[in-house]
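Colleague: structure, please.
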Amino acid sequence: MTPPSPSDAELLAAHRAGDRTAFGRLVSRHERRLWSVAVRALGNPVDAEDAVQEALIAAFRGARTFRGDAAVSTWLHRIVVNACIDRMRHDRSRRTVPMPDTEPAAPRRSDPAAELTTRMAIDEALAALSVEHRLAVVLVDMEGWSVADAAQILDVRPGTVKSRCARGRAKLAVLLGHLREEAG
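Modeller: Have a look, this model is predicted:
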């Protein structure tokens, strides 16, 4: 019988105690979701990779500052969100072309060209949202975080997350209304 895998908190504690493999094992558990948040927030896989790499370096170096007030996964997502915000502020004048998700797609029966066009329209609409609204919508609606967890990640109150999601969704509805008309 194999022993149970160590928890995230145990891996972080082992890293802090000098275990050279613990942080890598911790990252391997969360890297896909961290990258997914970053690519949806930034709209560009290359920028997302850079932001996640910067965030993980910061987490590796700053592991001793983790107080345990939140889950380790929430702490990692917070660092990634901060890296994304920094990158968005730094690159505000630079325009990028949104790329489609690179996650493997399930077999589909619909038109791939139409799906790509829809995905690009969604990415463009997300990019039109303010940083605050985009991050709230990405975390809650696209990544499935609870409002409470998203509030911890964004370091705001839950009511603020709800408000930002509502405003972001309203703007997305306007920006993407043409998709509903085309489908109907």
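Colleague: give me the most central residue, the protein.
Modeller: Residue closest to the mean C-alpha point of the chain, counted by CA atoms, centre = their mean, is V37 at 1.3 Å.
Colleague: counting contacts, what elements does the one helix or strand A48 maps to pack onto?
Modeller: Element membership for A48 (DSSP states H and E) is helix 45-61. Here helix 45-61 touches helix 22-42, helix 72-90, going by 3 or more CB pairs under 8 Å, 6 or more residues apart in numbering; DSSP states H and E. No exception for glycine: its C-beta is placed from N, CA and C like everyone else's.
Colleague: low pLDDT regions in the chain?
Modeller: Counting by pLDDT under 70, the chain shows low-confidence ranges at 91-111, 181-184.
Colleague: kindly calculate the angle that the strand or helix carrying E124 makes with helix 22-42.
Modeller: For E124, the host element (DSSP H and E) is helix 112-128. On the basis of axes from the mean of the first three to the mean of the last three CA atoms, to 10 degrees, helix 112-128 is oriented at 90 degrees to helix 22-42.
Colleague: next SSE downstream of helix 112-128?
Modeller: Counting by DSSP H and E, the next helix or strand C-terminal to helix 112-128 is helix 131-137.
Colleague: now whatever helix or strand comes next after that next one: buried residues?
Modeller: Toward the C-terminus, helix 131-137 is succeeded by helix 147-154 as the next helix or strand (DSSP H and E). Neighbour-count burial for helix 147-154 flags V147, D149, A150, A151, Q152, I153, L154 (criterion: 16 or more other CB atoms under 10 Å).
Colleague: gap between helix 147-154 and the chain center?
Modeller: How far helix 147-154 lies from its chain's middle: 12 Å, per CA atoms, centre = their mean, to the nearest Å.
Colleague: what does stretch 46-56 give?
Modeller: Using CA atoms, centre = their mean, the offset of stretch 46-56 from its chain centre is 11 Å.
Colleague: give me every residue that touches the closest residue to W75 other than its chain neighbours.
Modeller: Of all residues not flanking W75 in the chain, F66 sits nearest, at 5.7 Å (CB to CB, 6 or more residues apart in numbering). Counting by CB atoms under 8 Å, 6 or more residues apart in numbering, F66 touches L12, R16, V72, W75.
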